[in-house]
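Structure of the sequence below:
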Amino acid sequence: QVPLVESGGGLVQAGDSLRLSCAASGRTFRSASMAWFRQGPGKEREFVAAITRSGGTTNYADSVKGRFTISRDNARNTLYLQMNSLEPEDTAVYYCAAGSYVLGLEIKDYAYWGQGTPVTVSS
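Okay, the predicted model is just below:
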């Protein structure tokens with residue numbers, strides 16, 4: 001089991017920044033590929049970003065490339081998502097996920113999920 005707990009969401013204005021965190025317990029965090037997904041109002045859950053076990057390689061959805069940065073601190077068992085230049089279209093519940101598939105883009109690639117943290121971006 002890799003319990004995941006997200007934090008850092010909130011209400012911000014367009015152009016602002018937020019940093020989301022995902023705390024994990026257990027030694028398995030360091031052996032898991034990690035990712036962020038999001039689900040906007042009335043939308044399906046979609047891939048945002050992924051990172052390898054070592055943190056050396058990342059992948060991003062085109063909609064966030066250049067604005068969001070995924071990172072991880074394996075010593076602290078924590079995953080991050082730095083979100084800059086936020087847009088109203090980024091409004092969603094953000095979920096972190098862990099799995100064994102390297103840089104997976106799909107929900108099925110991840111076995112463990114957090115409960116989500118909401119982000120609202122006003123225009």
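
drop to CA atoms for contacts and neighbour counts, all remaining ones
OK.

what's the least confident helix or strand in the chain, going by average pLDDT?
strand 112-113 (a mean of 93; mean pLDDT, DSSP states H and E).

and stretch 56-69, how far apart are its ends?
13 Å (C-alpha to C-alpha, to the nearest Å).

still on that earlier bit, from the middle of its chain, how far away would the least confident helix or strand of the chain be?
On the basis of C-alpha atoms, centre = their mean, to the nearest Å, strand 112-113 is displaced by 11 Å from the centre of the chain it belongs to.

Please apply the same query to stretch 98-112.
Remark: stretch 98-112 is offset 12 Å from the chain centroid, using C-alpha atoms, centre = their mean.

Same question for stretch 59-73.
That offset, for stretch 59-73, works out to 9 Å (C-alpha atoms, centre = their mean).

show me the contacts for the spatially most central residue of the chain.
Per C-alpha atoms, centre = their mean, the C-alpha nearest to the average position across the chain is that of Trp36, at 2.4 Å. Trp36 makes contact with Phe47, Val48, Ala49, Ala50, Leu81, Tyr94, Tyr95, Cys96, Ala97, according to C-alpha atoms under 8 Å, 6 or more residues apart in numbering.

If we use 10 Å, what do you get?
By C-alpha atoms under 10 Å, 6 or more residues apart in numbering, the residues touching Trp36 are 20, 22, 46-51, 60, 70, 79-81, 94-98, 105, 113-114, 116.

before we move on, back to that, for the least confident helix or strand of the chain, which helices and strands make contact with it?
Strand 112-113 sits against strand 4-7, strand 33-39, strand 92-99, with contacts defined as 3 or more C-alpha pairs under 10 Å, 6 or more residues apart in numbering; DSSP states H and E.

Is the residue nearest to the centre of the chain bridged to anything, and to what?
Ala49, Cys96 (DSSP bridges).
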